[in-house]
Structure formats: C-alpha cells, structure tokens
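> sequence unknown, structure follows:
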C-alpha cells in the first residue's frame, strides 16, 4: 500500500484537519452509542501527543447542503469530550474557522460544524476543498466508513495538503489487505443476507478470490432454487436463479467451492419460538419457510473454517434476529471465534447485520477485525476503488 500514516508526518506545531465519522445514534438529545466516537480516540490523542492541534471534520445525518439545526454536531460534543478527556470547541461556520477565533487557537481539539451543511461537500466542490485545506497544514483521513464517497472532505481536500491515514483508517486498510489483498490461504468467505440482487458484485468478485464461498440466509434459498429445489414459501428471488447459476459456473471455473445448506430449519411462521423442524434442504414442504441452516450444514461450514487460514464474513446464515433461527449463525460464529483465539484463523467481518449478528452470538470480540463501515466495507469486498483511499495514495 502506498498511503502514509501519522507516523510518516512531522506533526509538531501543525494544525491537522482530521476527517472522522461520528455520525452516531442520538436519543432524547444524547448520544446513545459511542462506538464510532471511541474508535477515533487513538488518532486524536496521538496528534495531541505530537504537539499538534486536531481540527475534526465530520458529517451528521443528511441535511443535503442546508443548515438544519436538528442536525448540528453540538449534540456529540459532550460525548466527544468524555471520550477524549479534553475540551472540544465547536466552530459554527467555516467563515469563523477561517478567522481562527481565540477559542479555536487555544482549544486542544476543534470540531467543525456538520460539513454536509455545505452544498459543495457532496458535490466534491474544489472551492470547498481548498477552503478546508486552508484551515490546516496536514490532512488526515480517519473515516474509512465514508471513504467510498468522493466528497470534498473525503477526497477533494487530499489533493491540496500532505495527507495520511489515521489510526482507524490504517487498521481498517491493513485488515482488509490481510483479508483480500494478500491473504493467507485457504480463504473462506461467509456471505449471507436476504437478497442475491444486492450482493451480485460482491459474489462475482469473491468467487475469483476465495477458496470456499459459504452462502447463507435468504440468498441461499435462491441458489437452492437455481438447482431445481423447491423452497416452498421461503424468501427467494426466483428471477435471479439464472444469475445464481452463472455465479456457480464462474466459481467452478475458478476452483472456488460454493457451500450451500444441506439441511434446513423450517417453520410455517416467522415468530419467536414458532414450531419448527429440521429437514433435508431438498425436502422443504410447499407451505413452509426456510429460516435457518441445519446442524449438518453448520458442521460442513465449520469443517471449511477448520481448513481455512483467512475468513471474510458478511451477513448472517439465517434469520438471526429471532430465536431459534439464530442457531446456525451463532454456532458458526462461535467456531470462527475459537479458531481466531487459537491463532489459526485471520477473521475479518463487516456490514451492519454482520456486526449485530456477531455481537449477538458473543463472538465479535474474538474476531481479528470487525469493520463498522457498511457501504465502504462492501465496496472494498466488491473490488471497487474507494475515492477516499485512492486520494491518499496520490
């Protein structure tokens, strides 16, 4: 990789514009989940420790280029100050930031108001990028989760300042490089979720790069149907069966083994504790739904993981939100966690449902790396260039 890190920069006495993602959930006027804030702490503290001033630049919600008071970043200031252990000064306008008021000069950490209040942000306007660059001596991107957007604060500004990756961005890029760029082989990938149509690019890229592709969730039903198997009333994209067959053919040509359920958990209703049973994948009744993979399927998945050195995980194996249809996801995740703890498996996971499922399974902490980036993680897995990363390589 050709991007620089904070360790490559002379920070002493400098102002560092740091693009962060602190687009956190808020309830009753307070931050309800500080995970994203906690993840930027190492970057900000390292900049402070080097004798530099961090100027944080972030978005919050989707104001679409207008000033929306309800989307002001002032709501995150108390949580930021608590996490960083220092005072944070919010600068309400870019004009004010450019004049460097005394409070900004004297502050340890400066936070610019919601960058998406500016119409030029999402348009990647060079004028806005230049104004942002004028606030600092160095640009540091620590927002991998926004790196798939070519915006003024994620891509444009990098062309006007010496640039580097922050600690979170650095960790994310190294983890993804270990997963797909130059992985230890064999590589296994778990891809689950509801629809094949939303993960076509992902599947198409992975079959040429992994040794075992484990397909779960509603997507697996579409692949079963593509083999002529009746999946009853299960969630299934019947119009995507030809595409599924094409992916299977591509996998065969690439030497990638596709692993589908051989037994399934069925029920007549999707509800907690609903009557259910395990049947062969080929014997789903017409009036039933497939809601999870069965024990034989889990055993097959675990065998593949036993032989793998690297694992990429995106999506659950079943309807994990409701017990007992979380059994397969929980069991496979626990096994991957055990292998990760033992040091025999490099495990990288990402995507909203994935993080929720692994947390629910109690397996997330043991994984080598958990990405909180949704769209950026998926686009990287799809083999796409991320503008915010590419700009750091320039």
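Arrived safely. Here the structure is a predicted model, which is why all the values come from computation and not from measurement.
> hmm, who's touching the helix or strand of the chain with the lowest mean pLDDT?
Across the helices and strands of the chain, mean pLDDT, DSSP states H and E gives its lowest value to helix 102-106, namely a mean of 79. Here helix 102-106 makes contact (C-beta atoms under 8 Å, 6 or more residues apart in numbering) with 89, 91, 96, 97, 110. C-betas here are computed from N, CA, C, even on glycine.
> how far out from the middle of the chain is it?
35 Å (C-alpha atoms, centre = their mean, to the nearest Å).
> which SSE is immediately downstream of it?
strand 109-112 (DSSP states H and E).
> now that next one: buried residues?
109, 110, 111, 112 (16 or more other C-beta atoms under 10 Å).
> can you redo the residues you listed as CSV with distance to residue 172?
Formatted as CSV, these follow (distance: C-beta to C-beta, whole Å):
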residue, distance to residue 172
109, 22
110, 24
111, 22
112, 23
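> any chance of those in TSV with pLDDT as columns?
TSV is the format used below for the buried residues of strand 109-112 (pLDDT from 0 to 100):
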residue	pLDDT
109	96
110	97
111	97
112	97
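> for residue 324, state which of the residues you listed is nearest.
residue 111 (45.5 Å; C-beta to C-beta).
> filter the contacts of helix 102-106 down to just the ones in helices.
Among the contacts of helix 102-106, the members found in helices (DSSP state H) are 96, 97.
> and the contacts of helix 102-106, which of them are buried?
Buried by 16+ other C-beta under 10 Å: 89, 91, 97, 110, out of the contacts of helix 102-106.
> show me which pair in those is furthest apart.
89 and 97 (10.3 Å).
> which neighbours do those two have in common?
The contact sets of residue 89 and residue 97 overlap at 104, 110 (C-beta under 8 Å, 6+ apart).
> returning to what we had before: now do the buried residues in the least confident helix or strand of the chain.
For helix 102-106, by 16+ other C-beta under 10 Å, it's residue 104.
> all the helices of the stretch 1-150 of the chain, residue numbers only.
For the stretch 1-150 of the chain, the helices defined by DSSP state H, counting those that start in this stretch occupy 35-49, 77-84, 94-99, 102-106, 119-122, 126-133.
> to residue 371, which of the ones you listed lies closest?
The nearest among the helices of the stretch 1-150 of the chain, by C-beta to C-beta, is helix 35-49 at 10.5 Å.
> pLDDT of the closest one, averaged?
Averaging pLDDT along helix 35-49 yields 96.
> show residues contacting that helix.
With C-beta under 8 Å, 6+ apart, helix 35-49 has contacts from 6, 11, 16, 18, 20-24, 31, 53-54, 56, 76, 79-80, 83-84, 86, 108-109, 140, 142, 145, 166-168, 372.
> pull out the buried residues from the residues you listed.
6, 11, 16, 18, 20-24, 31, 53-54, 56, 76, 79-80, 83-84, 108-109, 140, 142, 145, 166-168, 372.
> wait, doesn't residue 173 sit right on residue 3?
Yes - at 7.2 Å, residue 173 counts as touching residue 3 under the criterion of C-beta atoms under 8 Å.
> quickly list what's touching both of those two.
165, 389.
> so what's residue 11 up against?
By C-beta under 8 Å, 6+ apart, residue 11 lies in contact with 47, 50, 51, 52, 138.
> where do the helices sit along the stretch 251-394 of the chain?
Counting by DSSP H, counting those that start in this stretch, the stretch 251-394 of the chain has helices at residues 295-307, 327-341, 352-360, 375-381, 387-393.
> residue 315: which of those helices is closest?
Short answer: helix 352-360, nearest of the helices of the stretch 251-394 of the chain by C-beta to C-beta, at 5.9 Å.
> rewinding a little: need the helices of the stretch 251-394 of the chain in TSV (columns: mean pLDDT).
Converted to TSV, the helices of the stretch 251-394 of the chain look like this (pLDDT from 0 to 100):
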stretch	mean pLDDT
helix 295-307	98
helix 327-341	97
helix 352-360	86
helix 375-381	86
helix 387-393	92
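> let's have these in CSV, adding mean neighbour count and distance to residue 273.
Listed next are the helices of the stretch 251-394 of the chain as CSV, based on neighbours: other C-beta atoms under 10 Å; distance: least, C-beta to C-beta, whole Å:
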stretch, mean neighbour count, distance to residue 273
helix 295-307, 18, 19
helix 327-341, 22, 13
helix 352-360, 19, 17
helix 375-381, 23, 33
helix 387-393, 20, 45
